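A.B. asks: Provided below are the primary sequence and the corresponding predicted coordinates.
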Amino acid sequence: MGHAMKKAGKRVPTRLRPGGIEDAVLMLIFEKPSTRTRVSFDLAMRQLGGQTLALNHTDLQVGRGEPISDTAKVLSRYVDAIMIRANKHETLTELAEHASVPVINGLTDRTHPCQIVADIMTFEESIGPIKGRKVAWTGDGNNVAASWIQASARLGFKLTLACPPQLNPERAIIDWARREGGAIELTDDPAEAVAGADCVVTDTWVSMGQQTEATRRKQLLGAYAVDERLMKKAARGAIFMHCLPAYRGHEVAADVIDGPRSVVWDEAENRLHAQKAILAWCLGVD
C-alpha cells in the first residue's frame, strides 16, 4: 500500500476514500524527541484527511504518576488511534493492552517497526522484491536491528548482523526469528557480514539516553563503520541505508552516505508514505 500512497502524492488514492479517514484524530505521544517520526505521522494523517494532536511526556499526567492504563482508557474516548514513541517497550505494551483504539509503535527501546516498513519499501523501489535477497547490518544490535530481524522472519530474506559481542541483539529476538524460519546469521566481522549483500544498513552509535556511554560505545563500534572499502565487499549494485540522524566520520563515511549507493533520502521520504499505509490499515481503510 505504501507504493500506492507514494504514487498518489498528497491526494488520497480514490479506492481509499469511501468510508475513509476524514475527521479521524491521531494522538501522537512523544516520550523521546523526534524529527522524522513526528513530521511523517503528522503529515500522513493530514494528507489522509484526518487530524492530529501531539503531546510530549511533560504534557501527560503519566509524568505525575497516573497509570498508563488510565491514560489509555481516557485517550480511547477522545481519539481514533494513538502513536507512541516510548522510552520503554513496556509502556507501549501496557498502553496497547488498555486502549480500545489502535496503538502504533513509533519506536521503543526494543523495536522500531515503522522504520523497517519504510526501509523495505525503499529496498523494493531500488532493487526489487526483497525475498531471497541478503541484507547486512553492521554496528549496534539495537532496536532498529531487532526490527530487521523480525522482518527477515516474515519476508524471507537473509540477514547477517555484524556487532561487537557486547552489543549483540537480544538473544530472544534472534531465537524467535529462527523458530519462525528466519535466516539470521550473527558475526563480529563486518567484512563477513557485508560480503555479497544487496543492502548494507547501519545506525548511529549513540542514541538518545546513551550519552553517558558514548566513549565506551565509540570504542566498541569503531571497527564497524561503513566506508567505501567495506561497501566494495557488497554485491554489485548494493545500496546503503541509515534511518538517520547520521554522524559522518563515525558510523558512516561521508562518501558513502552522500554517494551514489546511498538511498537514505528516499528512505526518509518513504517514512511518510509508509505511515499513510500503516494508518489506513489501522483505521480499517483498505
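C.D. replies: All right, it came through fine. Numbers count the residues shown, from 1 in each chain.

A.B. asks: go ahead and confirm L167 touches K218.
C.D. replies: No - using CB atoms under 8 Å, L167 makes no contact with K218, being 11.7 Å away. Quick note: C-beta positions are derived from backbone N, CA and C, even for glycine.

A.B. asks: so what's the residue nearest to the spatial centre of the chain up against?
C.D. replies: Taking CA atoms, centre = their mean, the centroid of the chain lies closest to Q115, which sits 2.1 Å from it. Residues in contact with Q115, defined by CB atoms under 8 Å, 6 or more residues apart in numbering, are 107, 144, 147, 243, 271.

A.B. asks: pipe the residues you listed into TSV and attach distance to L283 and pLDDT per row.
C.D. replies: What follows is the contacts of Q115, written out as TSV (distance: CB to CB, whole Å; pLDDT from 0 to 100):
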residue	distance to L283	pLDDT
L107	20	97
V144	26	98
S147	22	98
C243	25	97
R271	18	98
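
A.B. asks: neighbour count for the residues you listed - can I get that in CSV?
C.D. replies: What follows is the contacts of Q115, written out as CSV (neighbours: other CB atoms under 10 Å):
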residue, neighbour count
L107, 28
V144, 26
S147, 23
C243, 23
R271, 26
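
A.B. asks: in strands, which of those fall?
C.D. replies: L107 (DSSP state E).

A.B. asks: ok so, going back, more neighbours: L167 and K218, which one.
C.D. replies: L167 (17 against 13; other CB atoms under 10 Å).

A.B. asks: and the pLDDT at that one?
C.D. replies: Looking at L167, its pLDDT stands at 97.

A.B. asks: check G20 too.
C.D. replies: 63.

A.B. asks: same check, this time on the one 3 residues further on
C.D. replies: The confidence metric pLDDT takes the value 82 at D23.

A.B. asks: in what helix or strand does it lie?
C.D. replies: Taking DSSP states H and E as the definition, D23 sits outside all helices and strands.

A.B. asks: state the distance from it to S207.
C.D. replies: Distance of D23 to S207, computed by CB to CB, to the nearest Å: 36 Å.

A.B. asks: go on, F240?
C.D. replies: From F240 to S207 the distance is 19 Å (CB to CB).

A.B. asks: show me where pLDDT drops low in the stretch 101-250 of the chain?
C.D. replies: 208-209 (pLDDT under 70).

A.B. asks: any chance you could map the helices in it?
C.D. replies: 113-126, 143-155, 171-179, 190-194, 214-221, 228-231 (DSSP state H, counting those that start in this stretch).

A.B. asks: so how many other residues sit close to the nearest residue to E267 once chain neighbours are set aside?
C.D. replies: Distance criterion CB to CB, 6 or more residues apart in numbering; nearest residue to E267, sequence neighbours excluded, is T122 at 4.5 Å. The local packing of T122 (other CB under 10 Å) involves 25 other residues.

A.B. asks: what's the answer for L272, then?
C.D. replies: Neighbours around L272, by other CB under 10 Å: 21.

A.B. asks: the one 3 residues further on too?
C.D. replies: Q275 has 30 neighbouring residues, counting by other CB under 10 Å.

A.B. asks: please, which helix or strand holds it?
C.D. replies: Counting by DSSP H and E, Q275 is part of helix 264-282.

A.B. asks: counting neighbours, what do you get for the spatially closest residue to A253 that is not a sequence neighbour?
C.D. replies: Setting aside the residues directly before and after it, A253 is nearest to D227 in space (CB to CB, 6+ apart), at 4.1 Å. Counted with other CB under 10 Å, residues neighbouring D227 total 14.

A.B. asks: ok, H112 to A195 distance?
C.D. replies: Where A195 is concerned, H112 sits at a distance of 26 Å (CB to CB).

A.B. asks: what does S207 give?
C.D. replies: When S207 is compared with A195 (using CB to CB), they lie 27 Å apart.

A.B. asks: cool, and A162?
C.D. replies: 10 Å.

A.B. asks: just to revisit the earlier point, who has more neighbours, H112 and A195?
C.D. replies: Counted by other CB under 10 Å, H112 and A195 do not tie: H112 has more neighbours, with 24 against 15.
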